[in-house]
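Chemist: requesting a structural model of the entry that follows:
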Amino acid sequence: MSRHDRIEPTDPETRPATAPQATTHETAETPPKSGRKKRILGGIALLALLAGGYEGYGWWTTGRYMIETDDAYVQADLSLVSSKLQGYVEEIPVQANQHVSKGEVLVRIEDGDYRIALEQAQAQLPTLERTLSRIDAQTAAAQATVTQSEAELSAAEAALRSAQTALTRAQGLAARKVTSQADLDDATEALETAKANRAAAAAAIKGAEAQVEVLKAERAETESSRREMELDIAQAQRDLDHTVLRAPFDGTVANIAIEEGELVSIGARLAAVVPDHGLYVEANFKETQLAGILPGETAKISIDAMEGHEVEGRVVSVAPATGSVFSLLPADNATGNFTKIVQRVPVRIELPEGTPGLRAGLSVVVEIDERTAPEGTELAEVSK
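Modeler: I've put the predicted structure just below:
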(Lines give C-alpha, C1' and ligand atoms only; values in the text may rest on other atoms or scores of the structure.)
Protein backbone atom coordinates (compact mmCIF):
# COMPACT_ATOMS: atom_id res chain seq x y z
CA MET A 1 0.00 0.00 0.00
CA SER A 2 1.44 3.28 -1.01
CA ARG A 3 1.56 6.31 1.21
CA HIS A 4 -0.99 7.98 -1.10
CA ASP A 5 -3.58 5.34 -0.42
CA ARG A 6 -5.95 5.94 2.50
CA ILE A 7 -8.30 3.58 4.23
CA GLU A 8 -11.73 5.07 4.70
CA PRO A 9 -13.26 3.77 7.84
CA THR A 10 -16.57 2.06 7.26
CA ASP A 11 -17.63 1.83 10.94
CA PRO A 12 -19.03 5.03 12.34
CA GLU A 13 -17.68 4.19 15.77
CA THR A 14 -14.16 4.05 14.37
CA ARG A 15 -14.38 7.53 12.92
CA PRO A 16 -12.48 10.32 14.82
CA ALA A 17 -15.46 11.99 16.42
CA THR A 18 -13.72 12.85 19.65
CA ALA A 19 -12.47 16.26 18.57
CA PRO A 20 -15.84 17.52 17.31
CA GLN A 21 -17.54 16.28 20.47
CA ALA A 22 -14.99 18.05 22.67
CA THR A 23 -15.47 21.23 20.67
CA THR A 24 -19.19 21.03 21.08
CA HIS A 25 -18.84 20.47 24.86
CA GLU A 26 -16.54 23.49 25.31
CA THR A 27 -18.85 25.61 23.21
CA ALA A 28 -21.73 24.61 25.43
CA GLU A 29 -19.85 25.34 28.68
CA THR A 30 -18.25 28.73 27.72
CA PRO A 31 -21.29 31.03 27.98
CA PRO A 32 -22.01 30.31 31.66
CA LYS A 33 -18.39 31.01 32.76
CA SER A 34 -18.19 34.25 30.77
CA GLY A 35 -21.47 35.54 32.22
CA ARG A 36 -20.46 34.86 35.83
CA LYS A 37 -17.15 36.64 35.31
CA LYS A 38 -18.89 39.63 33.84
CA ARG A 39 -21.27 39.81 36.80
CA ILE A 40 -18.35 39.66 39.28
CA LEU A 41 -16.44 42.36 37.45
CA GLY A 42 -19.55 44.46 37.21
CA GLY A 43 -20.16 44.09 40.96
CA ILE A 44 -16.59 45.10 41.71
CA ALA A 45 -16.87 48.09 39.41
CA LEU A 46 -20.15 49.08 41.06
CA LEU A 47 -18.61 48.82 44.54
CA ALA A 48 -15.62 50.86 43.41
CA LEU A 49 -17.94 53.44 41.90
CA LEU A 50 -20.00 53.63 45.09
CA ALA A 51 -16.89 53.87 47.26
CA GLY A 52 -15.44 56.55 45.00
CA GLY A 53 -18.71 58.42 45.06
CA TYR A 54 -18.90 58.19 48.84
CA GLU A 55 -15.35 59.42 49.24
CA GLY A 56 -15.92 62.14 46.67
CA TYR A 57 -19.09 63.25 48.44
CA GLY A 58 -17.24 63.29 51.75
CA TRP A 59 -14.41 65.33 50.26
CA TRP A 60 -16.78 67.75 48.57
CA THR A 61 -18.92 68.32 51.65
CA THR A 62 -16.27 68.12 54.37
CA GLY A 63 -12.77 67.07 53.32
CA ARG A 64 -11.99 70.10 51.18
CA TYR A 65 -12.55 72.36 54.18
CA MET A 66 -10.27 70.40 56.51
CA ILE A 67 -6.61 71.42 56.99
CA GLU A 68 -4.67 68.47 58.33
CA THR A 69 -1.22 67.77 59.75
CA ASP A 70 0.32 64.91 61.70
CA ASP A 71 3.25 67.07 62.88
CA ALA A 72 1.50 67.89 66.14
CA TYR A 73 2.07 67.07 69.80
CA VAL A 74 0.43 67.58 73.17
CA GLN A 75 2.33 70.23 75.14
CA ALA A 76 2.27 71.54 78.71
CA ASP A 77 3.78 74.59 80.39
CA LEU A 78 5.70 72.43 82.83
CA SER A 79 7.89 73.88 85.58
CA LEU A 80 11.55 72.93 85.92
CA VAL A 81 12.43 72.87 89.62
CA SER A 82 15.92 74.35 90.10
CA SER A 83 18.01 75.24 93.12
CA LYS A 84 18.69 78.89 93.90
CA LEU A 85 21.29 77.91 96.49
CA GLN A 86 24.24 75.60 96.81
CA GLY A 87 24.04 72.83 99.37
CA TYR A 88 23.56 69.17 100.10
CA VAL A 89 20.20 67.52 99.51
CA GLU A 90 18.77 66.63 102.90
CA GLU A 91 15.47 65.06 101.91
CA ILE A 92 13.36 64.22 98.86
CA PRO A 93 9.89 63.53 100.28
CA VAL A 94 8.32 62.74 96.88
CA GLN A 95 8.80 60.02 94.28
CA ALA A 96 8.83 60.09 90.51
CA ASN A 97 5.38 60.24 88.88
CA GLN A 98 3.77 61.19 92.19
CA HIS A 99 0.90 63.66 92.17
CA VAL A 100 1.53 66.76 94.30
CA SER A 101 -0.51 69.77 95.34
CA LYS A 102 0.57 73.39 95.13
CA GLY A 103 2.99 74.22 97.94
CA GLU A 104 3.87 70.61 98.73
CA VAL A 105 7.56 70.05 99.58
CA LEU A 106 9.59 68.49 96.78
CA VAL A 107 13.20 68.85 97.98
CA ARG A 108 14.87 70.00 101.20
CA ILE A 109 18.42 71.37 101.15
CA GLU A 110 20.57 71.41 104.27
CA ASP A 111 19.84 74.79 105.89
CA GLY A 112 22.42 75.01 108.73
CA ASP A 113 24.63 77.66 107.09
CA TYR A 114 21.68 79.77 106.03
CA ARG A 115 20.06 79.59 109.46
CA ILE A 116 23.31 80.81 111.09
CA ALA A 117 23.53 83.69 108.61
CA LEU A 118 19.99 84.71 109.51
CA GLU A 119 20.70 84.63 113.25
CA GLN A 120 23.87 86.71 112.81
CA ALA A 121 21.98 89.36 110.89
CA GLN A 122 19.23 89.41 113.47
CA ALA A 123 21.74 89.70 116.35
CA GLN A 124 23.20 92.96 114.99
CA LEU A 125 19.89 94.73 114.82
CA PRO A 126 19.42 95.36 118.59
CA THR A 127 22.83 97.06 118.72
CA LEU A 128 21.74 99.53 116.09
CA GLU A 129 18.48 100.08 117.92
CA ARG A 130 20.42 101.04 121.07
CA THR A 131 22.66 103.35 119.03
CA LEU A 132 19.62 105.10 117.65
CA SER A 133 18.22 105.52 121.17
CA ARG A 134 21.51 107.08 122.35
CA ILE A 135 21.57 109.48 119.41
CA ASP A 136 17.98 110.51 120.11
CA ALA A 137 18.93 111.27 123.73
CA GLN A 138 21.94 113.31 122.65
CA THR A 139 19.79 115.20 120.18
CA ALA A 140 17.31 116.05 122.88
CA ALA A 141 20.15 117.31 125.11
CA ALA A 142 21.55 119.41 122.28
CA GLN A 143 18.16 120.94 121.65
CA ALA A 144 17.94 121.78 125.37
CA THR A 145 21.33 123.48 125.07
CA VAL A 146 19.98 125.52 122.17
CA THR A 147 17.05 126.61 124.34
CA GLN A 148 19.39 127.54 127.19
CA SER A 149 21.65 129.49 124.85
CA GLU A 150 18.66 131.38 123.49
CA ALA A 151 17.69 132.30 127.06
CA GLU A 152 21.22 133.47 127.78
CA LEU A 153 21.09 135.53 124.61
CA SER A 154 17.90 137.19 125.79
CA ALA A 155 19.55 137.99 129.14
CA ALA A 156 22.64 139.33 127.38
CA GLU A 157 20.51 141.57 125.19
CA ALA A 158 18.71 142.90 128.28
CA ALA A 159 22.04 143.57 129.97
CA LEU A 160 23.23 145.28 126.80
CA ARG A 161 20.22 147.57 126.74
CA SER A 162 20.73 148.39 130.45
CA ALA A 163 24.44 149.14 129.89
CA GLN A 164 23.55 151.32 126.93
CA THR A 165 21.12 153.31 129.09
CA ALA A 166 23.64 153.63 131.90
CA LEU A 167 26.30 154.90 129.52
CA THR A 168 23.94 157.48 128.05
CA ARG A 169 23.08 158.73 131.55
CA ALA A 170 26.74 158.83 132.58
CA GLN A 171 27.65 160.78 129.45
CA GLY A 172 24.92 163.36 130.26
CA LEU A 173 26.07 163.76 133.82
CA ALA A 174 29.69 164.00 132.79
CA ALA A 175 28.81 166.75 130.33
CA ARG A 176 27.20 168.77 133.15
CA LYS A 177 30.16 168.03 135.43
CA VAL A 178 27.86 166.24 137.81
CA THR A 179 29.69 162.89 137.77
CA SER A 180 33.31 161.95 137.55
CA GLN A 181 35.24 160.56 134.61
CA ALA A 182 35.64 157.30 136.47
CA ASP A 183 31.88 156.74 136.49
CA LEU A 184 31.79 157.37 132.75
CA ASP A 185 34.57 154.86 132.17
CA ASP A 186 32.76 152.25 134.26
CA ALA A 187 29.59 152.71 132.23
CA THR A 188 31.55 152.34 128.98
CA GLU A 189 33.19 149.13 130.13
CA ALA A 190 29.86 147.74 131.29
CA LEU A 191 28.46 148.36 127.81
CA GLU A 192 31.37 146.58 126.12
CA THR A 193 30.98 143.64 128.50
CA ALA A 194 27.27 143.41 127.70
CA LYS A 195 28.05 143.40 123.98
CA ALA A 196 30.59 140.61 124.46
CA ASN A 197 28.13 138.59 126.52
CA ARG A 198 25.51 138.98 123.82
CA ALA A 199 27.95 137.81 121.14
CA ALA A 200 28.93 134.81 123.26
CA ALA A 201 25.29 133.87 123.77
CA ALA A 202 24.63 134.08 120.03
CA ALA A 203 27.69 131.91 119.33
CA ALA A 204 26.53 129.39 121.92
CA ILE A 205 23.21 129.11 120.10
CA LYS A 206 24.92 128.43 116.79
CA GLY A 207 27.15 125.80 118.39
CA ALA A 208 24.20 124.05 120.00
CA GLU A 209 22.23 124.11 116.74
CA ALA A 210 25.25 122.70 114.88
CA GLN A 211 25.48 119.90 117.43
CA VAL A 212 21.83 119.10 116.84
CA GLU A 213 22.45 118.90 113.08
CA VAL A 214 25.46 116.62 113.60
CA LEU A 215 23.37 114.28 115.73
CA LYS A 216 20.60 114.28 113.16
CA ALA A 217 23.08 113.33 110.42
CA GLU A 218 24.52 110.61 112.62
CA ARG A 219 21.03 109.29 113.24
CA ALA A 220 20.30 109.27 109.51
CA GLU A 221 23.48 107.26 108.88
CA THR A 222 22.56 104.83 111.62
CA GLU A 223 19.03 104.61 110.27
CA SER A 224 20.46 103.78 106.84
CA SER A 225 22.63 101.09 108.39
CA ARG A 226 19.59 99.69 110.15
CA ARG A 227 17.72 99.59 106.84
CA GLU A 228 20.62 97.74 105.25
CA MET A 229 20.64 95.33 108.16
CA GLU A 230 16.91 94.76 107.81
CA LEU A 231 17.47 93.97 104.15
CA ASP A 232 20.26 91.57 105.13
CA ILE A 233 17.86 89.87 107.51
CA ALA A 234 15.21 89.67 104.77
CA GLN A 235 17.76 88.22 102.33
CA ALA A 236 18.95 85.68 104.88
CA GLN A 237 15.33 84.72 105.53
CA ARG A 238 14.70 84.31 101.79
CA ASP A 239 17.81 82.13 101.45
CA LEU A 240 16.59 80.01 104.34
CA ASP A 241 13.14 79.72 102.74
CA HIS A 242 14.69 78.66 99.43
CA THR A 243 16.26 75.63 101.07
CA VAL A 244 12.77 74.13 100.81
CA LEU A 245 11.62 73.68 97.19
CA ARG A 246 7.86 73.41 96.78
CA ALA A 247 5.48 72.53 93.95
CA PRO A 248 4.44 75.67 92.05
CA PHE A 249 1.04 74.21 91.14
CA ASP A 250 -1.00 71.00 91.20
CA GLY A 251 0.63 68.42 89.01
CA THR A 252 2.81 65.34 88.71
CA VAL A 253 6.49 65.17 89.65
CA ALA A 254 8.74 63.75 86.94
CA ASN A 255 12.38 63.49 85.94
CA ILE A 256 13.87 63.64 89.44
CA ALA A 257 17.59 64.08 88.75
CA ILE A 258 19.09 64.06 92.27
CA GLU A 259 19.63 61.80 95.25
CA GLU A 260 19.73 62.48 98.98
CA GLY A 261 23.16 63.67 100.12
CA GLU A 262 24.10 64.96 96.69
CA LEU A 263 25.68 68.41 96.42
CA VAL A 264 23.65 70.66 94.14
CA SER A 265 24.87 73.92 92.65
CA ILE A 266 23.03 77.14 91.92
CA GLY A 267 20.67 76.74 88.99
CA ALA A 268 20.92 72.95 88.93
CA ARG A 269 17.84 71.25 87.52
CA LEU A 270 16.42 68.94 90.18
CA ALA A 271 13.03 67.81 88.89
CA ALA A 272 10.04 68.82 86.78
CA VAL A 273 6.36 69.29 87.58
CA VAL A 274 3.80 68.71 84.83
CA PRO A 275 0.52 70.57 85.52
CA ASP A 276 -2.81 68.81 85.80
CA HIS A 277 -4.52 71.44 83.70
CA GLY A 278 -3.63 73.69 80.82
CA LEU A 279 -2.54 71.03 78.31
CA TYR A 280 -2.62 72.17 74.70
CA VAL A 281 -1.61 71.01 71.24
CA GLU A 282 1.14 72.60 69.19
CA ALA A 283 0.55 71.73 65.54
CA ASN A 284 3.16 72.63 62.94
CA PHE A 285 1.37 73.46 59.70
CA LYS A 286 3.01 74.11 56.37
CA GLU A 287 3.24 77.72 55.29
CA THR A 288 1.01 76.86 52.33
CA GLN A 289 -1.80 75.89 54.75
CA LEU A 290 -1.85 79.07 56.82
CA ALA A 291 -4.33 80.97 54.67
CA GLY A 292 -7.23 78.95 56.08
CA ILE A 293 -6.15 78.92 59.73
CA LEU A 294 -7.56 81.58 62.05
CA PRO A 295 -8.00 81.86 65.83
CA GLY A 296 -11.36 80.60 66.96
CA GLU A 297 -11.69 77.77 64.44
CA THR A 298 -12.59 74.28 65.58
CA ALA A 299 -10.00 71.51 65.38
CA LYS A 300 -10.57 67.75 65.45
CA ILE A 301 -7.73 66.03 67.28
CA SER A 302 -6.97 62.32 66.98
CA ILE A 303 -4.59 61.03 69.67
CA ASP A 304 -2.28 58.19 68.65
CA ALA A 305 -2.11 56.79 72.18
CA MET A 306 -5.91 56.69 72.38
CA GLU A 307 -6.79 54.98 69.11
CA GLY A 308 -10.31 55.71 68.03
CA HIS A 309 -10.74 58.57 70.49
CA GLU A 310 -11.09 62.10 69.18
CA VAL A 311 -11.40 65.40 71.01
CA GLU A 312 -12.48 68.79 69.77
CA GLY A 313 -10.18 71.75 70.34
CA ARG A 314 -10.07 75.39 69.38
CA VAL A 315 -7.37 77.36 67.60
CA VAL A 316 -5.97 79.92 70.05
CA SER A 317 -3.15 81.58 68.15
CA VAL A 318 -0.69 81.30 65.29
CA ALA A 319 3.02 81.84 65.95
CA PRO A 320 4.48 85.10 64.60
CA ALA A 321 7.38 83.27 62.95
CA THR A 322 8.33 79.85 61.62
CA GLY A 323 10.07 77.31 63.78
CA SER A 324 13.38 77.78 61.97
CA VAL A 325 13.59 81.39 63.15
CA PHE A 326 13.69 80.27 66.79
CA SER A 327 16.17 77.45 66.23
CA LEU A 328 19.57 77.58 67.90
CA LEU A 329 21.40 77.85 64.58
CA PRO A 330 19.07 79.37 61.95
CA ALA A 331 19.95 78.50 58.38
CA ASP A 332 21.65 81.25 56.38
CA ASN A 333 20.11 80.99 52.93
CA ALA A 334 22.30 83.79 51.59
CA THR A 335 25.33 81.51 51.38
CA GLY A 336 26.09 78.45 49.27
CA ASN A 337 23.57 76.57 47.18
CA PHE A 338 19.93 77.28 47.94
CA THR A 339 17.21 74.65 48.18
CA LYS A 340 13.73 75.85 48.92
CA ILE A 341 12.11 73.97 51.79
CA VAL A 342 8.51 74.42 52.84
CA GLN A 343 8.56 75.98 56.31
CA ARG A 344 6.24 75.13 59.17
CA VAL A 345 4.53 77.51 61.57
CA PRO A 346 3.41 76.45 65.07
CA VAL A 347 -0.31 76.78 65.76
CA ARG A 348 -1.55 76.56 69.35
CA ILE A 349 -4.79 74.65 69.91
CA GLU A 350 -6.67 74.66 73.18
CA LEU A 351 -7.85 71.31 74.55
CA PRO A 352 -11.00 70.82 76.63
CA GLU A 353 -10.35 70.46 80.36
CA GLY A 354 -10.78 67.03 81.90
CA THR A 355 -9.81 64.97 78.85
CA PRO A 356 -8.60 61.67 80.36
CA GLY A 357 -5.39 59.97 79.29
CA LEU A 358 -3.59 63.04 77.97
CA ARG A 359 0.15 63.29 78.50
CA ALA A 360 2.59 65.97 77.44
CA GLY A 361 4.52 64.91 74.35
CA LEU A 362 1.89 62.58 72.84
CA SER A 363 1.61 62.57 69.07
CA VAL A 364 -1.70 63.68 67.58
CA VAL A 365 -3.26 64.30 64.19
CA VAL A 366 -4.99 67.66 63.82
CA GLU A 367 -7.69 68.63 61.34
CA ILE A 368 -8.83 72.26 61.40
CA ASP A 369 -12.26 73.03 59.94
CA GLU A 370 -11.98 76.37 58.19
CA ARG A 371 -15.76 76.60 57.98
CA THR A 372 -15.84 77.31 61.71
CA ALA A 373 -13.97 80.62 61.40
CA PRO A 374 -15.53 83.38 63.55
CA GLU A 375 -18.16 85.49 61.81
CA GLY A 376 -16.84 88.59 60.12
CA THR A 377 -13.40 87.09 59.54
CA GLU A 378 -12.32 87.15 55.94
CA LEU A 379 -10.48 84.07 54.82
CA ALA A 380 -7.95 84.25 52.06
CA GLU A 381 -8.78 82.21 49.01
CA VAL A 382 -7.14 78.80 49.16
CA SER A 383 -6.77 76.81 45.96
CA LYS A 384 -8.37 73.42 46.30
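
Chemist: all strands of this structure, in order?
Modeler: In the chain, the strands defined using DSSP state E lie at 66-75, 79-82, 87-91, 99-100, 105-109, 244-246, 251-254, 263-264, 269-275, 280-286, 298-303, 310-318, 344-350, 363-369.

Chemist: enumerate every residue touching Thr372.
Modeler: 296-298 (Cβ atoms under 8 Å, 6 or more residues apart in numbering). C-betas here are computed from N, CA, C, even on glycine.

Chemist: same thing but 10 Å
Modeler: Shown in contact with Thr372 (Cβ atoms under 10 Å, 6 or more residues apart in numbering): 65, 294, 296-299, 314-315.

Chemist: also Ile266?
Modeler: So Ile266 contacts 82-87 (Cβ under 10 Å, 6+ apart).

Chemist: any of the contacts of Thr372 buried? List them.
Modeler: Those of those that meet the buried threshold are 65, 294, 297-299, 314-315, by 16 or more other Cβ atoms under 10 Å.

Chemist: make CSV out of the residues you listed and add distance to Ser34 and pLDDT.
Modeler: Shown next, in CSV, are the buried ones among the contacts of Thr372 (distance: Cβ to Cβ, whole Å; pLDDT from 0 to 100):
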residue, distance to Ser34, pLDDT
Tyr65, 46, 77
Leu294, 59, 91
Glu297, 55, 92
Thr298, 54, 91
Ala299, 53, 93
Arg314, 59, 93
Val315, 58, 94
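
Chemist: which of these sits closest to Ile233?
Modeler: Arg314 (49.7 Å; Cβ to Cβ).

Chemist: show me what that closest one is bridged to.
Modeler: Beta-bridge partners recorded for Arg314 (DSSP bridges): Thr298, Glu350.

Chemist: and it, how far from Pro320?
Modeler: Distance, Arg314 to Pro320, by Cβ to Cβ, to the nearest Å: 19 Å.

Chemist: picking up where we left off before, indicate which one of the strands of the chain is closest to Ala48.
Modeler: Closest approach to Ala48 among these is made by strand 66-75 (23.8 Å; Cβ to Cβ).

Chemist: pairing partners for the spatially closest residue to Ala254 that is not a sequence neighbour in the sheet, please.
Modeler: Distance criterion Cβ to Cβ, 6 or more residues apart in numbering; nearest residue to Ala254, sequence neighbours excluded, is Ala272 at 5.1 Å. Beta bridges link Ala272 to Leu80, Ala254, judged by DSSP bridges.

Chemist: and if you look at Val365?
Modeler: Beta bridges link Val365 to Ser302, judged by DSSP bridges.

Chemist: likewise for Val100?
Modeler: Under the criterion used (DSSP bridges), Val100 bridges to Gly251.

Chemist: which ones are touching it?
Modeler: Neighbouring residues of Val100 by Cβ under 10 Å, 6+ apart: 93-94, 106, 246-253, 273, 276.

Chemist: for Leu270, same thing?
Modeler: Residues counted as contacts of Leu270 (Cβ under 10 Å, 6+ apart) are 80-83, 89, 92, 106-107, 109, 245, 255-258, 262, 264.

Chemist: for this structure, what are the low-confidence residue spans?
Modeler: Along the chain, the parts satisfying pLDDT under 70 run over 1-33, 54-55, 57-59, 61-63, 167, 170, 173-174, 176-181, 183-186, 376-384.
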